[in-house]
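[1] here's a sequence, model it:
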Amino acid sequence: MKRRVGSAALVLALSILWASCGDDDPTTRTDAGETLTRAWQSYGKGEYSAALLDFERAAKLDPSLADAHNGLGWVHLSLVDGTPSDQGTDLAVASFTSSLRQDSRHADAWVGLGQALFLRRRMPSDYADAARALASAQKGDPKSLYRHDYTSASDVLGLQAWCYYYAGEREAARASAQAALELDPNAAAARQLIDLSP
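    Now for the predicted structure:
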């Protein structure tokens, strides 16, 4: 009888351990995917608190889910008040970096990282790093581009132009702005930079 109780306890312990391993549990991956979908829906409606909770839950359920970390970055950016000292930009940079550790071709995370570094503008290298992140976005997986916030290549190139401009790379800034205007002659950010530059 003791052996049977011990075996049952071992089976129970192993089943609990197995259930806690999110990577091997298809139910956990399904839950993470559903939670991620709900998070993006909340984000799209501007319900950032709900989105934040669901992105965090999806990332906890499946830490390898790059788009959950990416979503956290976009929520943190949406909550930033625009001041360089705002800790939200640091949280966004960390989230986008986590996303890119999981999937280095996640173009939307590269765009987010570029914007976060541009807004942070605390370290001298932030603008140049932002421009490089935006260049990486253009080489990333196109399926993850232009889902929200930045809706076209000209938008990304316009931001990249300003990153180069503030980094002191005026020729690269002008080239990015001209590339944006070739794609969209009405690209306002690119047009402003061209008008500003001699």
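[2] and the helices in the protein?
    2-20, 26-44, 48-61, 66-78, 87-102, 107-120, 126-139, 153-166, 170-183, 188-196 (DSSP state H).
[3] just send those back as a markdown table, with mean neighbour count and mean pLDDT too.
    (C-beta placed from N, C-alpha, C; glycine too.) Formatted as a markdown table, the helices of the chain follow (neighbours: other C-beta atoms under 10 Å; pLDDT from 0 to 100):
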| stretch | mean neighbour count | mean pLDDT |
| --- | --- | --- |
| helix 2-20 | 9 | 42 |
| helix 26-44 | 17 | 86 |
| helix 48-61 | 20 | 96 |
| helix 66-78 | 26 | 96 |
| helix 87-102 | 20 | 95 |
| helix 107-120 | 26 | 95 |
| helix 126-139 | 21 | 95 |
| helix 153-166 | 24 | 95 |
| helix 170-183 | 18 | 95 |
| helix 188-196 | 16 | 89 |
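[4] possible to save the ones you listed as a markdown table with distance to Tyr146?
    A markdown table is the format used below for the helices of the chain (distance: least, C-beta to C-beta, whole Å):
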| stretch | distance to Tyr146 |
| --- | --- |
| helix 2-20 | 37 |
| helix 26-44 | 14 |
| helix 48-61 | 19 |
| helix 66-78 | 13 |
| helix 87-102 | 17 |
| helix 107-120 | 8 |
| helix 126-139 | 10 |
| helix 153-166 | 8 |
| helix 170-183 | 12 |
| helix 188-196 | 16 |
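[5] between the ones you listed, which one is closest to Leu145.
    Of all those, it is helix 107-120 that lies closest to Leu145, at 4.4 Å by C-beta to C-beta.
[6] and the closest one with helix 66-78, angle?
    Angle between the axes of helix 107-120 and helix 66-78 is 30 degrees (criterion: axes from the mean of the first three to the mean of the last three C-alpha atoms, to 10 degrees).
[7] dump helix 107-120 to PDB, keeping only the CA atoms.
    The C-alpha coordinates for helix 107-120 follow below in PDB (Å, rounded to 0.1, in the frame of the first residue of the first chain):
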ATOM      1  CA  ALA A 107      10.800  44.300 -38.000                       C
ATOM      2  CA  ASP A 108       8.100  45.800 -35.800                       C
ATOM      3  CA  ALA A 109      10.400  45.500 -32.800                       C
ATOM      4  CA  TRP A 110      13.200  47.100 -34.700                       C
ATOM      5  CA  VAL A 111      10.900  50.100 -35.600                       C
ATOM      6  CA  GLY A 112       9.800  50.300 -31.900                       C
ATOM      7  CA  LEU A 113      13.400  50.200 -30.700                       C
ATOM      8  CA  GLY A 114      14.300  53.000 -33.200                       C
ATOM      9  CA  GLN A 115      11.400  55.100 -31.900                       C
ATOM     10  CA  ALA A 116      12.200  54.400 -28.300                       C
ATOM     11  CA  LEU A 117      15.900  55.400 -28.700                       C
ATOM     12  CA  PHE A 118      14.800  58.500 -30.600                       C
ATOM     13  CA  LEU A 119      12.500  59.500 -27.800                       C
ATOM     14  CA  ARG A 120      15.000  58.600 -25.100                       C
END
